[in-house]
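1. One predicted model, sequence on top.
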Amino acid sequence: MTIALDSRLRDLVRAGRVVVLSGAGLSTDSGIPDYRGPSGTARRHAPMTYQAFVGSPEARHRYWARSFVGWGQIADARPNAGHRAVAALQQRGSLHGIVTQNVDGLHQAAGATDVVELHGGLDVVVCLTCSRRESRIAFGERLRAANASFTADLARINPDGDAELPDEQLAAFVPVGCAYCGSDLVKPDVVFFGENVPRSRVDHCYELVESASSLLVLGSSLTVMSGLRFVRRAAALNIPVAIVNQGETRGDPLADVKVDAPLGDVLPALLD
């Protein structure tokens with residue numbers, strides 16, 4: 001599909017030193033739903049919080065059962081035209097940095113480098129007892145070995161990789177612990193609700209934004225402060241902000257350019 005781009009958006013990208021801030025809306029064309037956009041649906045269950053995860057063995061059991069079922073859709077997802085366009089813009093020298101709120105690794109799979117994963121990545125798990133890290137692939141192999149006969153009806157996958165399952169199907173799931181110390185306090189290396197993004201990571205993102213010529217927000221409603229703070233910092237420094245997202249965002253009042261259109265159409269057009 002050929003679309004007419006807002007000339008201001010094209011000019012900002014042409015000027016270079018653009019920092020991209022991407023959200024879940026960039027990955028919907030890869031089959032990963034978002035929370036609040038056109039393909040998003042309201043959760044029947046509240047998302048896992050850090051406090052519940054560390055404080056309750058039952059919560060950890062529920063989380064890993066749901067993640068065990070939902071992981072396949074995340075692992076099988078492939079970069080879409082939007083991810084590839086961002087990587088191409090980086091390779092052309094137009095970008096100063098890429099910050100993503102996503103945990104799916106699709107920017108890197110498309111060829112982008114030096115991506116700051118604001119909320120971490122699902123491809124690694126970490127033991128909260130001994131701090132050892134393990135790949136999600138290796139952890140998944142141990143989960144599969146312990147749950148060879150476990151079956152569940154997949155209701156819906158969420159952007160963070162967990163599936164919504166009826167509680168009655170969870171009892172048969174067998175969790176596994178840390179491969180090094182045996183602790184059951186193993187979580188994906190992502191920032192849960194109620195957990196803070198590491199300060200050093202936040203500071204690095206601020207540094208990128210503060211030294212950018214513009215901030216380009218892609219597929220984020222900016223509902224949570226985690227991403228909105230960078231839009232606010234750019235606006236405070238009179239750094240132009242462009243937002244490409246289907247639907248309203250919390251950052252719209254601060255945007256110099258707002259494009260309400262599918263990312264799969266807008267981003268490839270920026271390459272032309």
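-> Looks like it came in fine. Numbers count the residues shown, from 1 in each chain.
2. Below-threshold pLDDT in the stretch 101-250 of the chain: ranges please.
-> 153-166 (pLDDT under 70).
3. which residue ranges form the strands in it?
-> Per DSSP state E, counting those that start in this stretch, the stretch 101-250 of the chain carries strands over the ranges 115-117, 120-127, 133-135, 186-190, 214-218, 241-244.
4. Need those in a markdown table (columns: distance to Gly227).
-> C-beta: built from backbone N, CA, C; applies to glycine. Formatted as a markdown table, the strands of the stretch 101-250 of the chain follow (distance: least, CB to CB, whole Å):
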| stretch | distance to Gly227 |
| --- | --- |
| strand 115-117 | 12 |
| strand 120-127 | 14 |
| strand 133-135 | 25 |
| strand 186-190 | 15 |
| strand 214-218 | 8 |
| strand 241-244 | 11 |
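5. between these, which gets nearest to Gln90?
-> strand 115-117 (9.1 Å; CB to CB).
6. Can you tell me the strand partners of the closest one and which way each runs?
-> strand 95-100 (parallel) (DSSP bridges).
7. Only alpha carbons, please: show the partner strand as CSV.
-> The C-alpha atoms that make up strand 95-100 are tabulated as CSV, following Å, rounded to 0.1, in the frame of the first residue of the first chain:
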residue,chain,number,x,y,z
LEU,A,95,19.0,6.8,13.8
HIS,A,96,20.8,7.9,16.9
GLY,A,97,19.3,5.1,19.0
ILE,A,98,16.5,2.5,19.4
VAL,A,99,14.7,2.1,22.7
THR,A,100,11.9,-0.5,22.8
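8. separation between the nearest residue to Tyr63 once chain neighbours are set aside and Cys178?
-> Distance criterion CB to CB, 6 or more residues apart in numbering; nearest residue to Tyr63, sequence neighbours excluded, is Met48 at 5.2 Å. Met48 sits 19 Å away from Cys178 when distances are taken as CB to CB, to the nearest Å.
9. tell me the SS of Ala75?
-> Secondary structure, DSSP: H, G, I helix; E, B strand; the rest coil: Ala75 is helix.
10. What separation is there between it and Ala109?
-> Distance from Ala75 to Ala109, by CB to CB: 11 Å.
11. neighbours of Glu195, just the number please.
-> 16 (other CB atoms under 10 Å).
12. how much space is there between it and Val115?
-> 20 Å.
13. mind saving the C-alpha coords of stretch 170-179 as CSV?
-> The C-alpha coordinates for stretch 170-179 follow below in CSV (Å, rounded to 0.1, in the frame of the first residue of the first chain):
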residue,chain,number,x,y,z
LEU,A,170,-2.9,-25.3,36.0
ALA,A,171,-2.8,-28.0,38.7
ALA,A,172,-1.1,-30.5,36.4
PHE,A,173,1.7,-28.2,35.4
VAL,A,174,5.1,-29.0,37.0
PRO,A,175,7.4,-25.9,37.5
VAL,A,176,11.2,-26.2,37.4
GLY,A,177,13.8,-24.3,39.5
CYS,A,178,17.1,-22.7,38.9
ALA,A,179,19.6,-25.0,37.1
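14. Give the buried residues for that stretch.
-> By neighbour count with 16 or more other CB atoms under 10 Å, stretch 170-179 contains the buried residues 170, 173, 175-176, 178.
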